[in-house]
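Visitor: with the sequence up front, the predicted model follows.
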Amino acid sequence: MAWPLRRMGPGFLLALVLLLAAAGRGYASSSPGAGPASCLKCHASQETVDWRQDLGPHAELACGECHQGTEAYPHQKPALAPCLACHQRHSLSFTGDHHAGVSCAACHLVALRPQRPAPGGPVEARAPAKLRGSLGLHRLVEAPPPASCRRCHHADNPVGASAAVLPAKGLLCLPCHVASLGLPDWPSRIALAIFALGLLTALDFCLGGVRGRGPHAQADGQPSSGLMRRLVKGLEALLVDGLLQRPLWRHSPGRGLVHALIFWPFMVRLLWSLAALVLEGWWPQLPLTQAVIAKNHPAQALFFDLTGLMVLAGVAAAGLRRLVRPTRLPSGLPQPDWVALGLLGGAMLLGFMVEATRLAMTGRPAGGQWAVAGWALSFLCSPGASLQEAYGYLWHAHAVAWCGFVAYLPFGRMFHLFTAPLVLALRGSERE
């Protein structure tokens with residue numbers, strides 16, 4: 001063997017050394033297509049582990065799919081690929097908008113501890129020191145909600161979450177909040193059933209008064225040939241008379257202002273919520289979608305705070321007008337509905353209290369200062385276990401007050417505020 005080596009010369013020996021070194025590197029390196037077994041030659045924990053059990057559903061994936069930058073050896077601490085590169089976001093009906101700033105690992109990797117590194121920042125997942133370097137970090141949460149939710153939702157938790165596991169916002173929250181089309185809580189189910197009963201009663205009464213009349217009905221009950229003209233006039237009346245409330249402004253500017261302060265915020269909030277529902281359902285990964293549903297985004301914080309203040313101002317103005325001017329209102333205008341005003345005003349006030357509690361509980365996150373009223377009220381709250389407990393009660397009180405308003409609405413006098421646009425549109429379609 002010595003004779004061939006002497007004949008090969010120093011250049012060939014150097015090439016041989018480099019080739020052997022490259023082979024050694026290839027033995028210890030991993031590639032995105034390699035399975036976990038190759039990585040475990042260096043990264044297995046000290047104890048004997050069944051890595052397939054630890055990795056769970058990800059056991060058959062190549063390590064490089066999640067740990068990026070491991071193709072060459074030696075490698076630095078690899079960057080983690082985002083979970084959303086393979087997985088879809090949870091829908092609002094499952095997690096709610098509160099979890100827009102919570103990382104996937106904070107909920108799904110059982111060995112990691114949910115933490116909020118910066119006051120008001122996102123909730124992240126950190127590994128305990130004794131588990132760093134162990135495959136146990138990859139074990140996924142197997143317990144379904146609400147057991148898995150208790151990792152964050154308990155008294156005096158370090159992430160500023162509420163102690164109560166609250167349901168996601170549902171259908172009845174949609175006029176005011178970003179929500180889903182479900183009914184996850186019992187107050188909403190009861191309120192919607194009562195509202196539907198009252199709505200059917202009101203529609204039967206209204207339709208009973210217009211059956212068989214109208215200048216455009218022919219003897220055989222078929223509509224006249226001016227259907228398109230009636231449709232255009234109806235849409236015009238819906239916009240000008242119904243939504244912009246032109247007749248009311250002409251009849252009583254003060255009452256028109258009260259109606260506008262209550263009606264318009266609900267309309268623009270509903271449009272915002274419907275847009276968020278469409279974006280979250282069809283394009284959940286878009287940055288615009290997350291901006292629309294994130295409670296601490298400056299645009300959403302300012303928008304919902306100002307519209308909430310407008311509704312409160314409208315409720316207060318309606319009550320003050322009646323107290324200051326107790327004389328009978330002009331003919332054709334309904335009297336104030338004190339029950340509806342009380343329920344609506346109470347729901348809005350409780351909503352601001354809930355928002356203030358949330359901001360204080362989560363360390364006043366960046367962007368939350370744009371919710372001016374809620375931000376100011378948050379300084380009256382002292383963070384701690386008592387605040388995390390109180391948040392759940394305030395949330396349910398707000399939900400019950402709002403559901404009470406929805407259930408009462410078809411039976412009260414304030415119902416005209418929401419039905420008037422439709423009535424005016426029907427009248428406008430029949431106007432010559």
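Guide: Looks like it came in fine. Residues are numbered from 1 along each chain as shown.
Visitor: helix/strand/coil for the residue lying closest to residue 399 once chain neighbours are set aside?
Guide: Once flanking residues are discounted, residue 399 sits nearest to residue 187: 5.3 Å by CB to CB, 6 or more residues apart in numbering. Glycine gets a C-beta too; all of them are placed from N, C-alpha and C. Three-state call for residue 187 (DSSP: H, G, I helix; E, B strand; the rest coil): helix.
Visitor: residue 187 and residue 59, how far apart?
Guide: Applying CB to CB, to the nearest Å, the value for residue 187 to residue 59 is 43 Å.
Visitor: who touches the closest residue to residue 380 other than its chain neighbours in this structure?
Guide: Leaving aside its chain neighbours, residue 380 sits nearest to residue 356 (7.1 Å; criterion: CB to CB, 6+ apart). Residues in contact with residue 356 (CB atoms under 8 Å, 6 or more residues apart in numbering) are 374, 375, 376, 377, 378, 380, 381.
Visitor: helix or strand for residue 356, which one?
Guide: According to DSSP states H and E, residue 356 maps onto helix 338-361.
Visitor: how about that helix: buried residues?
Guide: Buried positions in helix 338-361, judged by neighbour count with 16 or more other CB atoms under 10 Å: 340-348, 350-361.
Visitor: all strands for the stretch 51-200 of the chain, in order.
Guide: Using DSSP state E, counting those that start in this stretch, the strands of the stretch 51-200 of the chain run over 67-68, 79-80, 113-115, 124-126.
Visitor: buried stuff in the helix ranked longest in the chain?
Guide: When the chain is parsed with DSSP state H, its longest helix is helix 253-282. With burial defined by 16+ other CB under 10 Å, the residues of helix 253-282 counted as buried are 255-266, 269, 272-273, 276-277, 279-280.
Visitor: what of stretch 100-111?
Guide: Residues of stretch 100-111 classed as buried: 100, 101, 102, 103, 105, 106, 107, 108, 109, 110, 111 (neighbour count, 16+ other CB under 10 Å).
Visitor: ok, stretch 86-102 next?
Guide: By neighbour count on 16+ other CB under 10 Å, the buried set for stretch 86-102 is 89, 92, 93, 95, 96, 97, 98, 99, 100, 101, 102.
Visitor: I'd like those residues as JSON lines, with distance to residue 402 appended.
Guide: Listed next are those as JSON lines, based on distance: CB to CB, whole Å:
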{"residue": "89", "distance to residue 402": "27"}
{"residue": "92", "distance to residue 402": "18"}
{"residue": "93", "distance to residue 402": "18"}
{"residue": "95", "distance to residue 402": "21"}
{"residue": "96", "distance to residue 402": "16"}
{"residue": "97", "distance to residue 402": "16"}
{"residue": "98", "distance to residue 402": "18"}
{"residue": "99", "distance to residue 402": "22"}
{"residue": "100", "distance to residue 402": "22"}
{"residue": "101", "distance to residue 402": "25"}
{"residue": "102", "distance to residue 402": "25"}
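Visitor: which two of these have the greatest separation?
Guide: Farthest apart among the buried residues of stretch 86-102 by CB to CB are 93 and 101. That separation is 18.4 Å.
Visitor: isn't residue 246 right next to residue 236, touching?
Guide: No - contact status for residue 246 versus residue 236: not in contact, 10.7 Å apart, counting by CB atoms under 8 Å.
Visitor: for the nearest residue to residue 93 once chain neighbours are set aside, give me its contacts.
Guide: Spatial nearest neighbour of residue 93, chain neighbours left out: residue 180 (3.5 Å); criterion: CB to CB, 6+ apart. Residue 180 sits next to 91, 92, 93, 168, 169, 170, 171, 277 when contact means CB under 8 Å, 6+ apart.
Visitor: so how far is residue 276 from residue 180?
Guide: 10 Å.
Visitor: and for residue 314?
Guide: Note on residue 314: its distance to residue 276, by CB to CB, is 24 Å.
Visitor: again, but for residue 250
Guide: Residue 250 is 35 Å from residue 276, by CB to CB.
Visitor: can you check residue 229 too?
Guide: Residue 229 is 37 Å from residue 276, by CB to CB.
Visitor: ok, residue 93 next?
Guide: Separation of residue 93 from residue 276 (CB to CB) stands at 13 Å.
Visitor: hmm, who's touching stretch 140-153?
Guide: For stretch 140-153, contacts defined as CB under 8 Å, 6+ apart pick out 56-58, 106-110, 114, 123, 159, 161-165.
Visitor: still on that earlier bit, what's the closest of the strands of the stretch 51-200 of the chain to residue 191?
Guide: Among those, the nearest to residue 191 by CB to CB is strand 113-115 (33.4 Å).
Visitor: which positions within that closest one qualify as buried?
Guide: Per 16+ other CB under 10 Å, strand 113-115 contains these buried residues: residue 114.
Visitor: other SSEs contacting that strand?
Guide: Other elements packing on strand 113-115 under the criterion 3 or more CB pairs under 8 Å, 6 or more residues apart in numbering; DSSP states H and E are helix 104-108, strand 124-126.
Visitor: same list (the ones you listed) but as a markdown table, adding mean pLDDT.
Guide: Shown next, in a markdown table, are these (pLDDT from 0 to 100):
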| stretch | mean pLDDT |
| --- | --- |
| helix 104-108 | 87 |
| strand 124-126 | 87 |
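Visitor: export those as CSV, with columns for distance to residue 81.
Guide: Shown next, in CSV, are the helices and strands packed on strand 113-115 (distance: least, CB to CB, whole Å):
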stretch, distance to residue 81
helix 104-108, 11
strand 124-126, 15
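Visitor: which one, of these, ends up nearest to residue 135?
Guide: Set against residue 135 and scored by CB to CB, the helices and strands packed on strand 113-115 come closest in helix 104-108, at 15.1 Å.
Visitor: may I have the closest one exported as CSV, CA atoms only?
Guide: This file holds the C-alpha atoms of helix 104-108, laid out as CSV (Å, rounded to 0.1, in the frame of the first residue of the first chain):
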residue,chain,number,x,y,z
CYS,A,104,-49.5,28.3,17.3
ALA,A,105,-46.9,26.7,19.5
ALA,A,106,-48.2,28.4,22.6
CYS,A,107,-51.3,26.2,22.4
HIS,A,108,-50.3,23.1,20.5
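Visitor: pretty sure residue 102 is touching residue 125, no?
Guide: No - in this structure, residue 102 is not within contact of residue 125 by CB under 8 Å, at 9.3 Å.
Visitor: residues shared between the contacts of these two?
Guide: Counting by CB under 8 Å, 6+ apart, the residues touching both residue 102 and residue 125 are residue 114.
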